[in-house]
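Colleague: my questions are about this predicted structure, shown below with the sequence.
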Amino acid sequence: MKLLQWIRSILYIVQVTVAMPVIGLAFAPWAMFSKRGAYRACKAYAAWAMWSARWLIGLRCEVRGTVPDGEVLVAAKHQSFLDILMIFHALPRAKFIMKREVLWTPVIGQYAKRMGMIAVNRGKRGQAITQMMADVNAGRVEPGQLVIYSQGTRVAPGISAPYKVGTAVLYDQMGQDCVPVATNAGHFWPRRGLYRKPGLAVVEFLEPIEPGLDKRAFMARLEDEVESRSNALLHEAGWRPSEGHSRS
């Protein structure tokens with residue numbers, strides 16, 4: 001049975017990889033002249049990836065909680081490429097803060113530029129935060145939901161990684177609600193490797209954190225809510241601590 005799931009996983013990866021340039025090229029004429037076209041293309045790809053995962057590898061996707069539709073900061077747990085797809089598909093107008101290297105990725109990079117995503121240099125934290133805030137304050141980020149991964153990278157289930165100060169800077173200076181997001185996607189779609197598990201992957205939008213907290217209190221609350229809820233979703237999915245190795 002596991003061999004069959006391996007075969008299905010590889011077939012899924014192949015077809016979803018091929019689908020990216022196919023959909024990208026199909027929408028290219030519209031996307032060249034319209035950000036709406038670029039968003040439609042990426043949402044179409046996310047929808048295909050999630051739909052095909054259900055019938056090919058037995059992986060269903062579910063979004064829980066109240067999805068924000070106004071101008072908010074979204075601070076999300078990041079375990080897998082799958083949670084990116086689920087969050088992007090759920091939000092009306094997501095703007096991701098991403099590492100600069102993504103802009104050099106074929107198809108993804110071109111569409112990220114067209115939609116005005118914010119690229120930062122992870123290796124220079126102070127410079128990255130300064131540039132990130134400059135992009136926001138200069139108005140290059142159109143109204144929508146600004147998504148940041150507070151730990152700065154994908155973190156596998158069972159691994160501990162610090163929350164970065166950039167989220168607190170955005171929260172403090174933007175003066176908007178911050179919506180935390182938890183997930184268990186990494187249990188099914190790992191950070192590395194080809195095997196994809198069947199089951200129910202969840203992205204959950206939690207209760208907003210209103211503006212006005214000091215940075216330390218905000219970060220403590222954000223981390224506690226995201227980590228505790230993500231762990232609960234992992235246990236709901238059947239994950240056990242023995243599957244990962246915690247580190248400080």
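Modeller: Thanks, I have it. Residues are numbered from 1 along each chain as shown.

Colleague: centre of the chain to stretch 42-57, how far?
Modeller: Taking CA atoms, centre = their mean, to the nearest Å, one finds the center of stretch 42-57 at 15 Å from the center of the full chain.

Colleague: tell me the contacts of the closest residue to residue 20 other than its chain neighbours?
Modeller: Once flanking residues are discounted, residue 20 sits nearest to residue 107: 5.3 Å by CB to CB, 6 or more residues apart in numbering. Heads up, the C-betas are built off the backbone N, CA and C, glycines and all. If you count contacts by CB atoms under 8 Å, 6 or more residues apart in numbering, residue 107 has them with 20, 21, 24.

Colleague: buried only: go through these for me.
Modeller: 20, 24 (16 or more other CB atoms under 10 Å).

Colleague: export the contacts of residue 107 as a markdown table, with columns for pLDDT and secondary structure.
Modeller: Below are the contacts of residue 107 laid out as a markdown table (pLDDT from 0 to 100; DSSP: H, G, I helix; E, B strand; the rest coil):
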| residue | pLDDT | secondary structure |
| --- | --- | --- |
| 20 | 96 | helix |
| 21 | 95 | helix |
| 24 | 95 | helix |
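
Colleague: now the contacts of residue 107 in a markdown table, with distance to residue 195?
Modeller: Shown next, in a markdown table, are those (distance: CB to CB, whole Å):
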| residue | distance to residue 195 |
| --- | --- |
| 20 | 20 |
| 21 | 24 |
| 24 | 26 |
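
Colleague: next structured bit after the helix or strand of the chain with the lowest mean pLDDT?
Modeller: None of the helices or strands of the chain scores lower by mean pLDDT, DSSP states H and E than helix 125-137, at a mean of 65. Next along the chain after helix 125-137, taking DSSP states H and E as the criterion, comes strand 145-149.

Colleague: now the helix or strand just after that next one against strand 145-149, angle please.
Modeller: Downstream of strand 145-149, the first helix or strand assigned by DSSP H and E is helix 166-174. Helix 166-174 and strand 145-149 meet at an angle of 150 degrees, taking axes from the mean of the first three to the mean of the last three CA atoms, to 10 degrees as the criterion.

Colleague: how far is helix 166-174 from where the chain is centred?
Modeller: 18 Å.

Colleague: low-scoring stretches of the chain, by residue?
Modeller: 122-133, 135-142, 242-248 (pLDDT under 70).

Colleague: 50 - rerun?
Modeller: With pLDDT under 50 as the threshold, the chain has low-confidence stretches at 245-248.

Colleague: now do the helices in it.
Modeller: Secondary structure of the chain (DSSP state H): helices located at 2-33, 35-56, 81-90, 108-115, 125-137, 166-174, 215-236.

Colleague: return the set of buried residues in stretch 45-52.
Modeller: Of all the residues in stretch 45-52, those buried under the rule 16+ other CB under 10 Å are 45, 46, 48, 49, 50, 52.

Colleague: can I get that stretch as PDB, trimmed to CA atoms?
Modeller: What follows is stretch 45-52, C-alpha atoms only, in PDB (Å, rounded to 0.1, in the frame of the first residue of the first chain):
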ATOM      1  CA  TYR A  45      -2.900  26.900 -10.300                       C
ATOM      2  CA  ALA A  46      -3.500  26.700  -6.500                       C
ATOM      3  CA  ALA A  47      -7.000  25.300  -7.100                       C
ATOM      4  CA  TRP A  48      -5.700  22.700  -9.500                       C
ATOM      5  CA  ALA A  49      -2.900  21.700  -7.100                       C
ATOM      6  CA  MET A  50      -5.400  21.200  -4.300                       C
ATOM      7  CA  TRP A  51      -8.100  19.500  -6.400                       C
ATOM      8  CA  SER A  52      -5.700  17.100  -8.000                       C
END
